[in-house]
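Student: Predicted model and sequence follow; I will ask about them next.
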Amino acid sequence: MHLPRLNRRSFVRLGACSLSALGGLPRSSASLARAARAKNVLVVFEQGGMSHIDTWDPKPDLPAEHSSPFKNISTNVPGIEVTELLSKTSKHADKLTIVRCMTQPTPGIGNSHPKGSQYIFSGEAPGGPIVMPDISSVVSSVLGTKAPHLPSNILVPGTSEQQHNTRIGFLPPAHKVFKTGGQPHHPDWKVPNLGLLGIDERRFKIRSDLLSNLDVGIPGGTRAKDAQTMLALRAQAENMLTNPATRKAFDLQGEPDAIREAYGKGHRGQCYLLGRKLIESGVRFVTIDVREPPSKDYPGGSNMNWDHHDFIYSKADTKIKGGGAGAGRWGIATWPMMGSTDQAISALLEDMDQRGLLDETLVCFVSEFGRTPKINERKGRDHWTHAFAFAFAGAGVPGGQLVGSTDKDGGYITSPMAYTLDDYAATIYEKLGIDRTKPLPTPENRPIYLAMHGHPIRELF
């Protein structure tokens, strides 16, 4: 078994100051910087550990007792196959690069969804001497906003148990990810606090002016920075509350019914649609972290992420005698799982392409790890970090491309290249043209380098 480049994390994660003496600073690539195409990023985080074997990396030669029941299908790109669970997405393979050589070798994270989620959000393995901020917060800090009436980084909807693993780290609070909350597919859904809470706009302006009159001076030093941050936050909040374009950006009911139907009118489909709307409205960085909420339509579905430890091929709920950890899902092929996901991915790619949004938007389909090649005693698949798959589109990503390969079981990487979550983070920064050789300072002026252990996925440029 050959897993290249994985020993570079075997040293203790020291601070950037110490690493600079070891020659561990990120390496800038002029050729990659010239290829930077992204102005926005849309991350679709399907949390829980989606089974790569049943989706992006089919393995028809697995032994019968461990094989997937879903047959391989051709895509619209000759030579690229996925499973039938991606039948709609397969028609858009010409827009995608599928990376089948993702790996996550950091000890202690493979059995932790919270740590794995934090790793996805930040691009840095949790547990280091500095709490790293989310990639989206870094992008907000370095590049700022394109739409002052909207937050520069938004999490849709930000209601899962993993939303607590977002981090602002050492950055100012102005760059904290904004979470929409709620269930966007409900007809009466609104983002909390976007309205004026019963105060008409004239009275709101009077109150704002009165508050401004209290700004009689700004102290010096650190307190000056705090005061300036507070004023900036207040100005952004006022803009969000009074600008009609803010409410329009979140208004799903104003979308044509045919578009809403194309994405699927359930929770997942409408969250994907909201992601597209926010990108189109000028939000710099959008993350979709979604699963179908509990519903009478899906009995037994209490937390329908992709953590299929039990009865993964059930045609309904995954409760099984002797089971436990995976009992809150439905089977992977059901509508609240891959059915709605395949439709939403397909609609998102087609919609963004037709609107020209793929030209400058990097789209990433990710999960914190994959699932085991072997079926366990509970008819499920457990966590697997040795090999899994991501997919990318837009912002100059070559379409119709496969990167990397795994063995016949889908368990281990066989290609010369292997990419990590640090590499994923480095790719986002490079696509946005962010110079990783320039550190971000902490409040104590300690220099922190971005994706210091990562290398951009070259095949995406």
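Tutor: Arrived safely.

Student: now the helices for the stretch 301-450 of the chain?
Tutor: Assigned by DSSP state H, counting those that start in this stretch, the stretch 301-450 of the chain shows helices spanning 340-354, 421-431.

Student: which residues sit in contact with N111?
Tutor: H383 (CB atoms under 8 Å, 6 or more residues apart in numbering). (Glycine included, C-beta is placed from N, CA and C.)

Student: With K319 instead?
Tutor: With contact taken as CB under 8 Å, 6+ apart, K319 is in contact with G300, D310, F311, A327.

Student: re earlier: wait, which of the helices of the stretch 301-450 of the chain is closest to D409?
Tutor: Between D409 and these, the shortest separation by CB to CB is 22.5 Å, and it involves helix 421-431.

Student: tell me the mean pLDDT for that closest one?
Tutor: Along helix 421-431, the predicted local confidence has a mean pLDDT of 98.

Student: Tell me how far that helix lies from the chain's centre.
Tutor: Using CA atoms, centre = their mean, to the nearest Å, the distance from the centre of helix 421-431 to the centre of the chain it belongs to is 12 Å.

Student: Just the CA coordinates for that helix, please, in PDB.
Tutor: Coordinates of each C-alpha in helix 421-431 appear next as PDB, following Å, rounded to 0.1, in the frame of the first residue of the first chain:
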ATOM      1  CA  LEU A 421      -8.300  18.400   3.900                       C
ATOM      2  CA  ASP A 422      -5.300  20.800   4.300                       C
ATOM      3  CA  ASP A 423      -4.800  20.500   0.500                       C
ATOM      4  CA  TYR A 424      -8.500  21.200   0.000                       C
ATOM      5  CA  ALA A 425      -8.100  24.400   2.100                       C
ATOM      6  CA  ALA A 426      -5.000  25.400   0.200                       C
ATOM      7  CA  THR A 427      -6.900  24.900  -3.100                       C
ATOM      8  CA  ILE A 428      -9.600  27.400  -2.000                       C
ATOM      9  CA  TYR A 429      -7.100  30.000  -1.000                       C
ATOM     10  CA  GLU A 430      -5.200  29.700  -4.200                       C
ATOM     11  CA  LYS A 431      -8.300  29.700  -6.300                       C
END
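
Student: which other helices and strands contact that helix?
Tutor: Helices and strands touching helix 421-431, as assessed by 3 or more CB pairs under 8 Å, 6 or more residues apart in numbering; DSSP states H and E, comprise helix 113-122, helix 135-143, strand 361-366.

Student: Pairing partners for L96 in the sheet, please.
Tutor: Each beta-bridge partner of L96 is listed here: A393, as defined by DSSP bridges.

Student: I figured it hits G394, correct?
Tutor: No: using CB atoms under 8 Å as the test, L96 is too far from G394 to be in contact (9.6 Å).

Student: coming back round to it: among the contacts of K319, who's most crowded?
Tutor: Top of the contacts of K319 by neighbour number is D310, holding 25 neighbours under the definition other CB atoms under 10 Å.
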